[in-house]
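Peer 1: pasting the structure only:
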């Protein structure tokens, strides 16, 4: 269980000979497989959470960790300790108001100052 199953590579034709339609079709097929695998992993994880207590477990040479996350109920803090009476518990942040900036500057000026990120692909 601790060693992953080997993945048999699919024989791929050279990429320069693949049509765009072929690439999109192959991507759709792989995405469907990935979604099926992700769903199955989620089902298994849900069963493990039900069966195992919080903590780290060694199961057949594989470390399985069950975590329980918690966070402070900030709505309780706000209700019980209002900002007017306890300003030290609250923070004030300032930042650029993008809506005001868009009203102030022409779109061409804003376009000159765009920060570009990595390209990505969305296929629907």
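Peer 2: That came in fine, so what should we check first? Because the structure is a prediction, the values reported are computed rather than measured.
Peer 1: list the helices and strands the longest helix along the chain packs on?
Peer 2: In the chain, ranked by residue count with DSSP state H as the criterion, the top helix is helix 20-51. Under the contact criterion of 3 or more CB pairs under 8 Å, 6 or more residues apart in numbering; DSSP states H and E, helix 20-51 touches strand 62-66. Quick note: C-beta positions are derived from backbone N, CA and C, even for glycine.
Peer 1: which is the next helix or strand following the strand it packs on?
Peer 2: Of the helices and strands lying after strand 62-66 in sequence (DSSP states H and E), the nearest is helix 74-80.
Peer 1: re the thing from before, mean confidence score for the longest helix of the chain?
Peer 2: What helix 20-51 shows for mean pLDDT is 95.
Peer 1: so how far is the following helix or strand past that helix from its chain's centroid?
Peer 2: Where DSSP H and E defines the elements, the next helix or strand beyond helix 20-51 is strand 55-59. Strand 55-59 has its C-alpha centroid displaced from the chain centroid by 25 Å (CA atoms, centre = their mean, to the nearest Å).
Peer 1: Next: stretch 68-78.
Peer 2: So, by CA atoms, centre = their mean, the centroid of stretch 68-78 is 22 Å from its chain's centroid.
Peer 1: That one spans what distance, first to last residue?
Peer 2: Stretch 68-78 has its terminal residues 24 Å apart, counting by CA to CA, to the nearest Å.
Peer 1: now swap in stretch 70-81 and tell me
Peer 2: 21 Å.
Peer 1: tally of neighbours for residue 50?
Peer 2: 8 (other CB atoms under 10 Å).
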